[in-house]
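*Asks:* coordinates only, sequence not included:
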């Protein structure tokens, strides 16, 4: 990746944005798999995330940016894309000379995520992963639930006579580790997973019961995913909201946001705020700040993919006081 995005492994939204950004072009995303990646030893060489000063000659600088190759790396799984098929082949040949590489071909299945595409749409889902999760917890025959959590439900934080601490918390922790990964393509369960994941070290019986309620919801919607439509208008739009004092552990507010690129959902999050907010305006303003950080990150990612996004970016918020505060400091 380029200088603005310098992560050692792929971020979830990075993977989604890359799929959408390249879906409208002729160049396709390809998948590579490194066999026995951990047997190649430690890396002692210096690695430049940006090309060092003096690398380009004057003639090279004139054509800089016309060709690019991007690799999205997660341990030993790699997705490669770019705007030059011949250069992609050269990169694949070079990698094959250094490592034992498998070439599954065009990207269809990556880290438990299925990528389905036609001429107009792309859909990413974790259907197989979800069914395996339901099977492991014997929930394939359960009665489906319509929602992942009851509306207005207050999650209990302290144990009682009727709601004791779990004697074996490992089962609960393993379940939520898998549910957290499932939120990669399931924004509809982000909120309930965010709530219950706070009790990983002291879960109650009611928390486990609610987690199985979430599994029953997944039973009826295991095939759902994120649908992305090709679009010519390269614009970003975001929505954010905050729930004042939603967390019963410390009365912190909860932020939620959605970010759209080309009218397709590419990033989402439900997260507890770092500090306590004294008013709804303050909570909403903090939510706007977190959303703005994600927008900037996505813009930089798109630039590294050689895509210039349309500015300005619309950030939608339903609190007039927070909007006025943001306008005052802009």
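*Replies:* Received, thanks. This one's a predicted model, so the numbers in the text were calculated from it and none came from an experiment.

*Asks:* these two touch, right, residue 269 and residue 240?
*Replies:* No - the criterion here is Cβ atoms under 8 Å, and residue 269 misses it with residue 240 at 9.7 Å. Where C-beta positions appear, they are placed from N, C-alpha and C, glycine not excepted.

*Asks:* Just want to know which of these two has more residues nearby.
*Replies:* Legend: neighbour count by other Cβ atoms under 10 Å for residue 269 and residue 240, higher for residue 240 (27 against 19).

*Asks:* Confirm the more buried one sits in a helix?
*Replies:* No - under the criterion used here (DSSP: H, G, I helix; E, B strand; the rest coil), residue 240 is strand, not part of a helix.

*Asks:* Can you name the residues bridging to it?
*Replies:* In this entry, residue 240 is beta-bridged to residue 257, by DSSP bridges.

*Asks:* Can you check which residues contact both of residue 269 and residue 240?
*Replies:* 255, 256, 257, 290 (Cβ atoms under 8 Å, 6 or more residues apart in numbering).

*Asks:* The first one sits in which helix or strand?
*Replies:* Meaning residue 255. Assigned by DSSP states H and E, residue 255 falls within strand 254-261.

*Asks:* what does the last one give?
*Replies:* Assigning secondary structure by DSSP H and E places residue 290 in helix 280-304.

*Asks:* can you pull out the strands in the stretch 101-250 of the chain?
*Replies:* Using DSSP state E, counting those that start in this stretch, the strands found in the stretch 101-250 of the chain span residues 101-106, 109-110, 113-117, 121-125, 225-229, 235-243.

*Asks:* where in the stretch 101-250 of the chain is pLDDT low?
*Replies:* For the stretch 101-250 of the chain, the stretches with pLDDT under 70 are 231-232.

*Asks:* Could you rerun that using 80?
*Replies:* Counting by pLDDT under 80, the stretch 101-250 of the chain contains low-confidence ranges at 117-121, 151-154, 156-157, 229-234, 247-249.

*Asks:* Now do the helices in it.
*Replies:* Ranges of helices in the stretch 101-250 of the chain, per DSSP state H, counting those that start in this stretch, are 127-136, 170-182, 190-196, 205-219.

*Asks:* Nearest to residue 281 among the ones you listed would be which one?
*Replies:* helix 190-196 (21.9 Å; Cβ to Cβ).

*Asks:* so can I have CSV of the strands of the stretch 101-250 of the chain showing distance to residue 286?
*Replies:* Listed next are those as CSV, based on distance: least, Cβ to Cβ, whole Å:
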stretch, distance to residue 286
strand 101-106, 42
strand 109-110, 34
strand 113-117, 31
strand 121-125, 30
strand 225-229, 26
strand 235-243, 7
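
*Asks:* To residue 199, which of the ones you listed lies closest?
*Replies:* Closest of those to residue 199 is strand 235-243, at 17.9 Å (criterion: Cβ to Cβ).

*Asks:* Show me what the closest one is packed against.
*Replies:* Helices and strands touching strand 235-243, by 3 or more Cβ pairs under 8 Å, 6 or more residues apart in numbering; DSSP states H and E, are strand 254-261, helix 280-304, strand 310-316.

*Asks:* which one of the ones you listed is the most hemmed in?
*Replies:* Of all these, strand 254-261 has the most neighbours on average by mean count of other Cβ atoms under 10 Å, namely a mean of 22.

*Asks:* which element follows it toward the C-terminus?
*Replies:* Moving toward the C-terminus from strand 254-261, the next helix or strand (DSSP H and E) is strand 264-272.

*Asks:* For that following strand, name the packing helices and strands.
*Replies:* Counting by 3+ Cβ pairs under 8 Å, 6+ apart, strand 264-272 packs on helix 12-23, helix 190-196, strand 225-229, strand 254-261, helix 280-304.

*Asks:* Residue 123 is nearest to which of these?
*Replies:* strand 225-229 (4.9 Å).

*Asks:* Which residue ranges make up each domain of the protein?
*Replies:* Annotated domains of the chain cover 12-123, 127-219, 232-329 [automatic domain parsing].

*Asks:* Endpoints of the second one, how far apart?
*Replies:* Right, domain 127-219. 10 Å (Cα to Cα, to the nearest Å).
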